[in-house]
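coords please:
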Amino acid sequence: MLTRIFVFIIIFSASNYAQEPGRTDGVEESEFGRGGYPFAVAKNSWSFQASLGSGRVNSESKSMLKEEVTDLYYGFKIGYKLDFFDFYVGYSRIEQQNSDFYGFGVTRERPAVGMPDIKLGFSLGSELIKRNELDIEFAIIPGINAGIMLNNHFILGIDYRRSIVFSDYNVTVNRFGAYFKTEF
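Just a heads-up that it's a prediction; the model follows:
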């Protein structure tokens, strides 16, 4: 399943590369040549993001026992940016609870008003969760993030994601952490 998602992303994004900016010859509006602004930031780029933070799992079993556990989580995302949308495939894990999260989603990031080095964003995704010996569960993940651009390729930031799990156990997962993202 994960292999098919990666193949789909590679095929989808391989055809999205534009020509390099260059010289335009001919009469006005002839569209002969390459044209473009040579100092523009590349819109379509790949990214890799590593995350580390606190993950809290709230669950309620059929016997009405509530369980709340907070542990350290880590994860990574590989994404492809189209304009301001970053489509990603990710994996994260809460080691102490033996929980694996396989996700896919989209993040929308924009520079903050008056502060071009600060990026604010929101995300929406879905993920499959494998916890202990339980079946695989499906979740919807809304989230928000804020980051500081260290240079044109590196971003350091924080994010919050809430997994709304569709299961018989009334489970929610809150993850708050820091991330380091590189775009290439």
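
mind listing the strands for the chain?
Ranges of strands in the chain, per DSSP state E, are 45-60, 66-82, 85-94, 99-112, 115-131, 136-149, 154-166, 172-183.

between those, which one is closest to residue 6.
Ranking these by their distance to residue 6 (criterion: C-beta to C-beta) puts strand 85-94 first, at 6.8 Å. Backbone N, C-alpha and C define where each C-beta goes, glycine included.

CSV for the strands of the chain, including mean neighbour count and mean pLDDT?
Listed next are those as CSV, based on neighbours: other C-beta atoms under 10 Å; pLDDT from 0 to 100:
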stretch, mean neighbour count, mean pLDDT
strand 45-60, 17, 86
strand 66-82, 16, 85
strand 85-94, 19, 91
strand 99-112, 17, 88
strand 115-131, 16, 88
strand 136-149, 17, 91
strand 154-166, 18, 91
strand 172-183, 18, 90
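
those strands into CSV, with extra columns for distance to residue 9?
CSV is the format used below for the strands of the chain (distance: least, C-beta to C-beta, whole Å):
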stretch, distance to residue 9
strand 45-60, 10
strand 66-82, 6
strand 85-94, 7
strand 99-112, 9
strand 115-131, 14
strand 136-149, 18
strand 154-166, 20
strand 172-183, 16
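
nearest to residue 3, out of those?
Of all the strands of the chain, strand 85-94 sits nearest to residue 3, with 11.0 Å by C-beta to C-beta.

list the strands paired with the closest one, with their directions.
Strand 85-94 has its sheet partners listed here by DSSP bridges as strand 66-82 (antiparallel), strand 99-112 (antiparallel).

for those, which one sits closest to residue 53?
When these are compared by C-beta to C-beta, strand 66-82 sits nearest residue 53, at 5.9 Å.
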